[in-house]
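K.L.:
Requesting a structural model of the entry that follows:
(one chain, ligands or ions: 2)
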Amino acid sequence: MMALQGKVAVVTGAAQGLGKGFAEILLQNGAKVALLDINEKAGKELETQFNEAYGADRTHFYPVDVSSDQQFKDAFQKILSKFGQVDIFCNNAGIINEKQWEKTVSINLCGVVRGTYLALEHMKKENGGQGGVIVNVASLAGLGPLAQTPIYTATKFGVVGFTRALALASEVANYGVRINAMCPAFVRTPLIDSFNSEEQIGQFMGLADFTRSLMEKFPSLEVEEVSKGLLLLVKDDSLNGACLAMMRDGAGLVSFPKEIPKTPVAL
Ligand SMILES: NC(=O)c1ccc[n+]([C@@H]2O[C@H](COP(=O)([O-])OP(=O)(O)OC[C@H]3O[C@@H](n4cnc5c(N)ncnc54)[C@H](O)[C@@H]3O)[C@@H](O)[C@H]2O)c1
Ligand SMILES: CCCCC[C@H](O)/C=C/C=C\C/C=C\C/C=C\CCCC(=O)O
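P.N.:
Ligands and ions are numbered 1, 2, ... in the order given. Here you go, the predicted structure:
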C-alpha cells in the first residue's frame, strides 16, 4: 500500500464537485495537493479553506485550462518549483457540452492526455523519476452509452482506452508508473443538471426523460463515496490498468474479456 504522507498530488478540475472531494481525501491522508481549475475565484477560495483546515502551505491553487498545452506546462513547472516533486496526478476536469463538441473533446479527452503525458515524463523511471500513480476520471458512460451525450460518451470511452493502453505500455516498458481509471455512475454535483440544459445538450434535449429513467436505475452517489474509490486506486500498489466502476449498490473493478465475445455472422 502506498503511504500518502509527504507525497505531492495534482488534481485538475479541483475547485468544486468531485475534484474538490478528491483533493480533500488526499489532504486528509497526508499528501500536499496542487489544485488546478479554470475557475480562479472558487479555486483561490478553496486554497484558503484547505490551508486553514489542513495546515499552511499544504495546498496551492493554479489557474489552468486543461485544453491549453501552455497553461498546463507552465503550471506543472510552478508545481515542481514549489513542491519539488509530483507523485500522484488525477485528471478529473470534464464538461458536458454536446453543442460545442470539439471543446468537449479538447477538455475531456485531450486534457487527460496532456495531463497524463506531463505527469509521465516527470514520474517515469527511465527519465530518472521516482514513479507514481495517475488516475483518470472517466464515467460509467466510458463503459456503456449515455444516449443524450454521444460526444461525452465518446470522450469517456477514449479515457478508458487511453488509460488501459498506457498502463500496458507502463507494464511492458517498466515505467514504474501505475495508471488507473474511475467510472462512477451519476454523482451529486452541478454536472448532472446538464441533462436539463438546452445550452449543453442541444439536439438531444428530447431524450431528457430517458436520462431521468437511467438516473432511477443508477441512483446518485455522493462525492465522499467516490473519493474513497480514488484513494483505493492511488494506494493499492497492485492496481495498474484498473477501471473502478462505482454505483450506489457497490463498486467493483471491471473485468475486460481477453477474447472479444462475438456472435459469428456469415459474410
Ligand atoms: N457528476 C457526475 O455524475 C459524474 C459521473 C461520472 C464521472 N464524472 C466526471 O467527473 C469529473 C468531475 O465532474 P464533476 O461532476 O465534479 O463536475 P463539476 O462541473 O462539478 O466540476 C468540474 C470542475 O472542472 C472545472 N473545469 C471545467 N473545465 C475546465 C477546464 N477546461 N480546465 C480546468 N478545469 C475545468 C470546473 O471549473 C469545475 O470546477 C468529470 O470528468 C466528469 O465527467 C462526473
Ligand atoms: C446528463 C447527465 C450526465 C452525467 C454524466 C456522468 O458521467 C454519469 C453517467 C452515469 C451513468 C450513465 C452512463 C451509461 C450507462 C450505460 C450503461 C452502463 C451499464 C453498466 C451496468 O449495467 O453494469
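K.L.:
Checking whichever strand or helix holds Leu233 against ligand 2, do any of its residues make contact.
P.N.:
For Leu233, the host element (DSSP states H and E) is helix 223-235. No: against ligand 2, helix 223-235 shows no contacts by C-beta under 6 Å from any ligand atom, the least distance being 10.9 Å. The way it works is simple: take the backbone N, C-alpha and C, and place the C-beta from them, glycine included.
K.L.:
Residue numbering should commence at 442 henceforth.
P.N.:
I'll keep to 442 as the first residue from here, and by that count the last item is helix 664-676.
K.L.:
centre of the chain versus stretch 662-673, how much separation?
P.N.:
Remark: stretch 662-673 is offset 12 Å from the chain centroid, using C-alpha atoms, centre = their mean, to the nearest Å.
K.L.:
does any bit of that stretch sit next to ligand 1?
P.N.:
No: judged by C-beta under 6 Å from any ligand atom, stretch 662-673 stays clear of ligand 1, getting no closer than 7.4 Å.
K.L.:
The residue in the stretch 442-591 of the chain that ligand 2 sits nearest to in helix, strand or coil?
P.N.:
The nearest approach of the stretch 442-591 of the chain to ligand 2 comes at Gly585, 2.2 Å away (C-beta to the nearest ligand atom). Following DSSP: H, G, I helix; E, B strand; the rest coil, the label given to Gly585 is coil.
K.L.:
Equivalent analysis for Ser654, please.
P.N.:
Ser654 ends up helix, using three-state DSSP.
K.L.:
residues near it, how many?
P.N.:
8 (other C-beta atoms under 10 Å).
K.L.:
Next, the contact list for it, please.
P.N.:
Applying C-beta atoms under 8 Å, 6 or more residues apart in numbering to Ser654 gives no contacts.
K.L.:
Longest helix of the protein, counting residues only.
P.N.:
helix 591-614 (DSSP state H).
K.L.:
just checking, what packs against that helix?
P.N.:
Helices and strands touching helix 591-614, by 3 or more C-beta pairs under 8 Å, 6 or more residues apart in numbering; DSSP states H and E, are helix 542-546, helix 552-564, strand 573-578, strand 618-625, strand 684-688.
K.L.:
quick check: mean pLDDT across the second one?
P.N.:
Across helix 552-564, pLDDT averages out at 98.
K.L.:
Centre of the chain to that helix, how far?
P.N.:
Worked out by C-alpha atoms, centre = their mean, helix 552-564 lies 12 Å from the chain centre.
K.L.:
Sketch out the low-pLDDT regions of the stretch 442-591 of the chain for me.
P.N.:
Judged against pLDDT under 70, the stretch 442-591 of the chain has no low-scoring part.
K.L.:
ok, which residues in it are in contact with ligand 1?
P.N.:
Going by C-beta under 6 Å from any ligand atom, the residues of the stretch 442-591 of the chain near ligand 1 are 453-454, 456-460, 478-480, 505-508, 533-536, 548, 578, 580.
K.L.:
and with 8 Å instead?
P.N.:
Applying C-beta under 8 Å from any ligand atom, we find that the stretch 442-591 of the chain lies next to ligand 1 at 453-462, 477-480, 483-484, 505-509, 533-537, 547-549, 552, 578-582.
K.L.:
could you flag which of these are buried?
P.N.:
Buried residues within those, defined by neighbour count using 16 or more other C-beta atoms under 10 Å: 453-462, 477-479, 483-484, 505-508, 533-537, 547-549, 552, 578-582.
K.L.:
just to revisit the earlier point, buried residues in the longest helix of the chain?
P.N.:
Buried positions in helix 591-614, judged by neighbour count with 16+ other C-beta under 10 Å: 592-601, 603-605, 607-608, 611.
K.L.:
Other residues contacting that helix?
P.N.:
The contact list for helix 591-614 (C-beta under 8 Å, 6+ apart) reads 532, 535, 537-539, 542, 545-546, 549-550, 553-554, 557, 561, 567, 577-580, 582-584, 586-587, 616-622, 624, 645, 681-684, 697.
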